[in-house]
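# show me how the following folds:
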Amino acid sequence: MAKQPRILVGQVAAVTGAARGIGKATAQAFAREGMKVAIGDLDAELAEQAAAEMGPNAAGFELDVTKRDSFEAFVDAAEERFGPLDVLVNNAGIMPLGRFIDEDEATAVRMIDINLHGVIHGMKIALPRMMARDRGHVVNIASQAGKYGAPGGATYSATKHAVVGLTEAVRGELHIEGSAVELSYVMPFVVKTELGAGTEGARGMKKLEPADVADAIVDALKHGVVDVWVPRSSRHTHRLAALLPRRASEGVARAMKADRVLMGADMRARAAYEVRAANSEPGLEPGEEPRQLTS
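Sure, this is the predicted structure:
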């Protein structure tokens, strides 16, 4: 007999990088489920604006995920406003693209700080609180690049590989300790957001809407899904690829043009995003402009 899905009404959630894109769509989906939502973003004004659109059970706060004290203040504010935290979604992330050998050091440091250290900070802050209550769920946004590795986004892929491994390892620790706190990681294909602007499609794989990812996160919370593939069909593709010899699986990827999704990105279409991503960590000087943006 199938287990009944969990009821999310009244639960308190905090979502990072939630003033736009996947984070905002997730916060909206939570609000529709009757949850109370704290929206954290580096752009405090935009976070407050997003919260205002969702009604009295949402609130926006400034958040720099690379600074532990900022993250701690965000979770404290969320709990002061709505009560003990039930759900944390570590969504904040950036994806500057280009050839690995052309990537400057500042860009690599920024990606690791936001995409990986941001997740580590969130987990180290939220998990002790959840473990003390023996309930809660942390959802970390990874990527299918975190399973396969995507040419044109090498360091980005590395950070998402790390998020997958981190989640699995900490989940194992919680299991050994007998904790009821749950962990999930989400692996979407390319999403129609500013972060995904200018990227190529792959044969048989359509770009996702932010709401597709948000719905998958809600489903993971209701049913306790650990590894969340979006679209769901990509789980089967991954399993099939794992059964094939490397040469065959790489041949299939080339035939689908999956190896060109990031490598073939239109950098002019991404210009506005690349500039914003280069300034997304206060205190760290922007790196060199990507060479693809020069005239």
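# show me what the strand or helix carrying residue 27 is packed against.
Following DSSP states H and E, the helix or strand that holds residue 27 is helix 21-32. When contacts are defined as 3 or more Cβ pairs under 8 Å, 6 or more residues apart in numbering; DSSP states H and E, helix 21-32 packs onto strand 12-16, strand 36-41, helix 44-54, strand 87-90, helix 210-223. Bear in mind the C-beta positions are built from the backbone N, C-alpha and C, glycine included.
# so can I have JSON lines of these showing mean pLDDT and distance to residue 113?
Shown next, in JSON lines, are the helices and strands packed on helix 21-32 (pLDDT from 0 to 100; distance: least, Cβ to Cβ, whole Å):
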{"stretch": "strand 12-16", "mean pLDDT": "98", "distance to residue 113": "13"}
{"stretch": "strand 36-41", "mean pLDDT": "98", "distance to residue 113": "16"}
{"stretch": "helix 44-54", "mean pLDDT": "97", "distance to residue 113": "19"}
{"stretch": "strand 87-90", "mean pLDDT": "98", "distance to residue 113": "13"}
{"stretch": "helix 210-223", "mean pLDDT": "97", "distance to residue 113": "23"}
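# using JSON lines, lay out these together with mean neighbour count and distance to residue 167.
Below are the helices and strands packed on helix 21-32 laid out as JSON lines (neighbours: other Cβ atoms under 10 Å; distance: least, Cβ to Cβ, whole Å):
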{"stretch": "strand 12-16", "mean neighbour count": "29", "distance to residue 167": "15"}
{"stretch": "strand 36-41", "mean neighbour count": "29", "distance to residue 167": "19"}
{"stretch": "helix 44-54", "mean neighbour count": "17", "distance to residue 167": "25"}
{"stretch": "strand 87-90", "mean neighbour count": "28", "distance to residue 167": "9"}
{"stretch": "helix 210-223", "mean neighbour count": "20", "distance to residue 167": "12"}
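# between these, which one is closest to residue 193.
helix 210-223 (5.9 Å; Cβ to Cβ).
# pull the helix or strand following that closest one out as PDB, backbone CA atoms only.
Per DSSP H and E, the first helix or strand lying C-terminal to helix 210-223 is strand 227-230. Coordinates of each C-alpha in strand 227-230 appear next as PDB, following Å, rounded to 0.1, in the frame of the first residue of the first chain:
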ATOM      1  CA  ASP A 227      17.800  12.100  -5.800                       C
ATOM      2  CA  VAL A 228      15.400  14.300  -7.700                       C
ATOM      3  CA  TRP A 229      15.800  14.200 -11.500                       C
ATOM      4  CA  VAL A 230      14.000  16.800 -13.500                       C
END
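# next structured bit after strand 227-230?
helix 234-243.
# strands of the stretch 151-295 of the chain, start to end?
182-188, 227-230 (DSSP state E, counting those that start in this stretch).
# okay, these, which one's buried deepest?
strand 182-188 (a mean of 23; mean count of other Cβ atoms under 10 Å).
# who does that one pair up with?
Each strand that pairs with strand 182-188, with its direction, by DSSP bridges: strand 137-141 (parallel), strand 227-230 (parallel).
# and residue 97, what is it in contact with?
By Cβ atoms under 8 Å, 6 or more residues apart in numbering, the contact set of residue 97 is 152, 153, 156, 199, 262, 265, 267, 270, 274, 290.
# wait, which of those residues is closest to residue 103?
residue 290 (8.5 Å).
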